[in-house]
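Q: what follows is a protein structure lacking sequence information:
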């Protein structure tokens, strides 16, 4: 199948079956395209839609995002995961606003200089927002092209990724770039799914090598399995006489960077030392059932402990990265989903 025939087949299918009512497809601007592409990294469309709508209501322009506090941005991201994306959004918004006079870069090279923007995201912004020829290679597109050309191996390996980029660039059109970018992503999401792909409806099936071989599930290659290590922690819900819970803000970088979390200890015997440091007296405590949260590189097994405390000194209020949080009258703070779930329950 020639590149021209490939493009036409994809575009013809998109006109009949593609998604055209997604919120970021309306009132297209580089800013809206960029935010949606960052949110969609490793996150499904259905999950992203309500987050995108709320984000745009609060930060309708790149200038508004740049002027917002990181706390507020992370609050809008709570539950979406991979919080480095939100921190990079904030950094990039500030660069565009204060260093570039709100002018969004329109070339791949310029976009790649910005925090959190990789090659595929840069290609999506160029093709969708600026109608410039550019290849994209998100997870859905990798699956389509890996099956179509029977590219063996896990796409995380450099040589496999290079093959897929070569194919993506070969088949990317010089016109109708926005439609094609959305179309090829939609094909991966709607037809060429991870399991049970709908090959009978696929306009590329006649030339798809994986379909001809009958081994679509073999492509793309699976990531080599490894056993994730397990870390253990005790999460403290330090509750004062007003039923407020003590939260601490993590440093900007690292795990849950910039987010508000519960104090953690490794051993139950560490509780008294921590409370002494904070000027708190333990009145009563109760251990809850253990829970697990899985990160990309390890499992975190944590046990929440509710600790009723009495303030002896006002040390908590004197520390900038600590706050008493009232679940019934919550502050707009960014926090990880497991912490928010504990506070909500």
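A: Noted; the coordinates are in hand. Every value quoted in this text rests on a predicted model; they were computed, and no experiment measured them. Numbering: from 1, shown residues only.
Q: residue 150 - nearest residue in space that isn't next to it in sequence?
A: Distances taken as CB to CB, 6 or more residues apart in numbering put residue 209 closest to residue 150, at 3.6 Å, once the chain neighbours are dropped. Placement of C-beta: from N, CA and C, glycine included.
Q: from residue 165, how far off is that neighbour?
A: Plainly put, residue 209 is 18 Å away from residue 165 if you go by CB to CB, to the nearest Å.
Q: can you get me a residue count around residue 159?
A: As a burial measure, the neighbour count of residue 159 was computed by other CB atoms under 10 Å and equals 7.
Q: leaving out chain neighbours, which residue sits closest to it?
A: Among residues not flanking residue 159 along the chain, residue 153 sits closest, at 7.3 Å (CB to CB, 6+ apart).
Q: repeat for residue 307
A: The shortest distance from residue 307 to any residue that is not its chain neighbour, by CB to CB, 6+ apart, is 4.5 Å, and that residue is residue 285.
Q: coming back round to it: and the residue nearest to residue 159, what's its pLDDT?
A: Residue 153 is assigned a pLDDT of 96 by the prediction.
Q: quick one: secondary structure of it?
A: coil (DSSP: H, G, I helix; E, B strand; the rest coil).
Q: touching, it and residue 164? I think so.
A: No: using CB atoms under 8 Å as the test, residue 153 is too far from residue 164 to be in contact (9.7 Å).
Q: just to revisit the earlier point, of residue 209 and residue 165, who's got more company?
A: For residue 209 versus residue 165, the count of surrounding residues by other CB under 10 Å is larger for residue 165: 19 against 15.
Q: count the neighbours of the residue lying closest to the more buried one once chain neighbours are set aside for me.
A: Setting aside the residues directly before and after it, residue 165 is nearest to residue 137 in space (CB to CB, 6+ apart), at 5.9 Å. The tally of other residues near residue 137 (other CB under 10 Å) stands at 22.
Q: how near is the residue nearest to residue 150 to residue 259?
A: To residue 259, residue 209 is 45 Å away according to CB to CB.
Q: equivalent analysis for residue 185, please.
A: Between residue 185 and residue 259 the distance is 30 Å, computed by CB to CB.
Q: could you point out the longest strand of the chain?
A: Taking DSSP state E as the criterion, the chain has its longest strand at strand 299-311.
Q: quick check: angle from the helix or strand where the residue nearest to residue 307 lies to strand 299-311?
A: Taking DSSP states H and E as the definition, one finds residue 285 inside strand 280-287. Between strand 280-287 and strand 299-311, the angle comes out at 140 degrees (axes from the mean of the first three to the mean of the last three CA atoms, to 10 degrees).
Q: from the contact counts, what lies against the helix or strand just after strand 280-287?
A: The C-terminal neighbour of strand 280-287 among helices and strands, as given by DSSP H and E, is strand 291-294. The criterion is 3 or more CB pairs under 8 Å, 6 or more residues apart in numbering; DSSP states H and E, and the helices and strands that strand 291-294 contacts are strand 299-311, helix 337-344.
Q: which residues are in contact with strand 291-294?
A: Residues lying outside strand 291-294 but in contact with it, judged by CB atoms under 8 Å, 6 or more residues apart in numbering, are 228, 299, 300, 301, 302, 303, 304, 336, 337, 338.
Q: of those, which is the nearest to residue 312?
A: Closest approach between these and residue 312, by CB to CB: residue 304, at 23.7 Å.
Q: from the chain's centre, how far out does stretch 241-253 sit?
A: Shown here is stretch 241-253, whose average C-alpha point lies 24 Å from the average C-alpha point of the whole chain (CA atoms, centre = their mean, to the nearest Å).
Q: nope, stretch 27-41 is what I was after
A: Stretch 27-41 sits 12 Å away from the centroid of its parent chain (CA atoms, centre = their mean).
Q: any idea how far residue 111 lies from residue 100?
A: The spacing between residue 111 and residue 100, counted by CB to CB, is 12 Å.
Q: low-confidence ranges, the stretch 1-150 of the chain, go.
A: The stretch 1-150 of the chain contains no residues with pLDDT under 70.
Q: tell me where it has strands.
A: Shown for the stretch 1-150 of the chain, no strands are assigned by DSSP state E, counting those that start in this stretch.
Q: for the nearest residue to residue 297 once chain neighbours are set aside, give me its contacts.
A: Leaving aside its chain neighbours, residue 297 sits nearest to residue 228 (6.8 Å; criterion: CB to CB, 6+ apart). Taking CB under 8 Å, 6+ apart, we find residue 228 in contact with 294, 297, 298, 299.
Q: phi first, then psi, for residue 228.
A: Main-chain dihedrals, residue 228, degrees, to the nearest 10: phi -80, psi 130.
Q: and this structure, what are its domain boundaries?
A: Domain assignment for the chain by automatic domain parsing gives 3-218, 230-344.
Q: will you turn those into JSON lines that also has distance to residue 224?
A: Output for the domains of the chain, formatted as JSON lines (distance: least, CB to CB, whole Å):
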{"stretch": "domain 3-218", "distance to residue 224": "7"}
{"stretch": "domain 230-344", "distance to residue 224": "14"}
